[in-house]
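[1] When you get a sec, could you give me coordinates for this:
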Amino acid sequence: MPGSPACFILIFLLCQLTASGALKELTGILGGSVTFPLTHSVNQIDSIVWMFNTTTLVTIQPKMADKQDNVIVIQNHNKKRVDFSHGNYSLKLSKLNKSDSGAYRVEIYSSLSQGPFIQEYELRVYEHLSKPKVTMGLQNNKNGTCVTNLTCSVEQGGEDVTYSWKSLGQATNEFHNGSIFPISWKLGEKNMIFICMARNPISSNSSNPIFAWKLCEGAAGKPDSIMVLNFLLLFLLLSVLVLVAFTLIMRREREKESTGEKKRMDNHQEVLNYYPSSGETSEYDTISNLNKTIPEENSAKMLYSTVQIPTKGGNTLPTAHIIRHTP
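    Numbering: from 1, shown residues only. As a prediction, this is how the structure comes out:
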């Protein structure tokens, strides 16, 4: 019969044979620690086994009388990472890294039960999110309206990240979910501000504010900007050409003046070379016909001199013969 004591005993044995708790999901921070809570109703514990995926982490034999618990850590690199709370044997795992994510399982054996008590866990280790970066897609500009897509992403902590956008500057602030945010902004409208927010189970972070006018200034105002830039470049080029031409003309004029001045100085120097230095006086008596016979009566009263006048260049002028009458 369904209500007989034998049925209750069978159900009790089956429950003891497959006793287990519901799956527990845990999150940990990279470099931090996490505790796997152990709640059980087993009165007498013979042994406890903690497992990670299919690998045994720790085996524990509770103390008997005055003896301490016998704890055996299977892998040496985990000896300084594991610890247990006294009394209920909850596992504490420290110095978490990404490879610690996975399935954990504890099995508690007792001589009073037919099978072990089993508790399962799922651990996910996350790192703090870095500041999100926003990139802009291709722009489409029609009639002064800037249309584009903004994409938000993070470089670190990118696992299980959710994105949302906040748009400020309008009558009512708008929110958008997803990493891609389409925008449309017309030149001359009130400025808008876009902020991307990234979240994972342990942290959140926001991007720098993105201003619509700055985002679209190279697009909505592109024709006018190019026109002004071309005008400035043309003006600069003309200014350089005028300056170069003026410099060449002035240089030629100076060369002409320098050449004329040099010629005048050379002519003046040549003239000075044929005359005695200032302050000296010379008296020359030039005889046109030296070959003519000098009367004998006067020959005794005449003194002949020959003078050579050197020039500045070292050359000499033609020899001059000077005749002086003696009393």
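
[2] By mean pLDDT, which helix or strand of the protein comes out lowest?
    helix 5-17 (a mean of 41; mean pLDDT, DSSP states H and E).

[3] On the C-terminal side of that one, identify the next helix or strand.
    Scanning forward in sequence from helix 5-17 by DSSP states H and E, the next helix or strand is strand 24-29.

[4] Give me the contacts around that next one.
    34, 36-37, 93, 96, 100, 119-128, 201-202 (CB atoms under 8 Å, 6 or more residues apart in numbering). Yep, even glycine has a C-beta here, placed from its N, CA and C like the rest.

[5] Just the buried ones out of these, please.
    34, 36, 93, 96, 100, 119, 121, 123-127, 202 (16 or more other CB atoms under 10 Å).

[6] Identify the spatial nearest neighbour of Ile210, chain neighbours not counted.
    Phe194 (4.4 Å; CB to CB, 6 or more residues apart in numbering).

[7] So Val73 versus Phe117, what's the distance?
    22 Å (CB to CB, to the nearest Å).

[8] okay, the two: which has more neighbours?
    Here Val73 and Phe117 are compared on neighbour count by other CB atoms under 10 Å; more neighbours surround Phe117, at 21 against 17.

[9] quick one: that one and Ser110 touch, right?
    Yes: with contact defined as CB atoms under 8 Å, Phe117 reaches Ser110; the gap is 7.4 Å.

[10] Where does pLDDT dip in the stretch 151-300 of the chain?
    For the stretch 151-300 of the chain, the stretches with pLDDT under 70 are 170-172, 217-229, 266-300.

[11] And the strands in it?
    Ranges of strands in the stretch 151-300 of the chain, per DSSP state E, counting those that start in this stretch, are 162-168, 174-177, 180-186, 193-200, 203-206, 210-211.

[12] ok, the fourth one: who's next to it in the sheet?
    Paired strands of strand 193-200, with direction, are strand 162-168 (antiparallel), strand 203-206 (antiparallel), strand 210-211 (antiparallel) (DSSP bridges).

[13] if we can go back for a sec, Serialize the buried ones among the contacts of strand 24-29 to CSV and add fields for distance to Asp83 and secondary structure.
    CSV is the format used below for the buried ones among the contacts of strand 24-29 (distance: CB to CB, whole Å; DSSP: H, G, I helix; E, B strand; the rest coil):
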residue, distance to Asp83, secondary structure
Val34, 11, strand
Phe36, 11, strand
Leu93, 8, strand
Leu96, 13, coil
Asp100, 15, helix
Gln119, 18, strand
Tyr121, 16, strand
Leu123, 16, strand
Arg124, 21, strand
Val125, 18, strand
Tyr126, 22, strand
Glu127, 23, coil
Ile202, 22, coil
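
[14] in these, which two residues are the furthest apart from each other?
    Farthest pair in the buried ones among the contacts of strand 24-29 (CB to CB) is Gln119 and Glu127. Separation: 27.0 Å.

[15] export stretch 176-188 as PDB, just CAs?
    Coordinates of each C-alpha in stretch 176-188 appear next as PDB, following Å, rounded to 0.1, in the frame of the first residue of the first chain:
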ATOM      1  CA  HIS A 176      20.100  52.300 -25.000                       C
ATOM      2  CA  ASN A 177      21.300  48.700 -24.400                       C
ATOM      3  CA  GLY A 178      24.000  47.100 -26.500                       C
ATOM      4  CA  SER A 179      27.500  47.800 -27.500                       C
ATOM      5  CA  ILE A 180      26.500  49.600 -30.700                       C
ATOM      6  CA  PHE A 181      24.600  52.900 -30.500                       C
ATOM      7  CA  PRO A 182      23.300  54.600 -33.700                       C
ATOM      8  CA  ILE A 183      23.200  58.400 -33.500                       C
ATOM      9  CA  SER A 184      21.800  61.200 -35.700                       C
ATOM     10  CA  TRP A 185      22.700  64.800 -35.000                       C
ATOM     11  CA  LYS A 186      22.100  67.900 -37.100                       C
ATOM     12  CA  LEU A 187      24.400  70.800 -37.200                       C
ATOM     13  CA  GLY A 188      23.000  73.700 -35.200                       C
END
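
[16] Can you give me the domain boundaries for the chain?
    Using automatic domain parsing, the domain parsing of the chain gives 19-126, 134-219, 221-272, 296-325.

[17] tell me the pLDDT at Ile48?
    Looking at Ile48, its pLDDT reads 91.

[18] quick one, phi/psi of it?
    Dihedral pair for Ile48: phi -130, psi 140, per degrees, to the nearest 10.

[19] Then His77?
    Here His77 shows phi and psi, under degrees, to the nearest 10, equal to phi -70, psi -10.

[20] distance of it from Asp83?
    Distance, His77 to Asp83, by CB to CB: 15 Å.

[21] Between the two, point out the one with more neighbours.
    Between His77 and Asp83, Asp83 has the larger neighbour count (other CB under 10 Å), namely 13 against 8.
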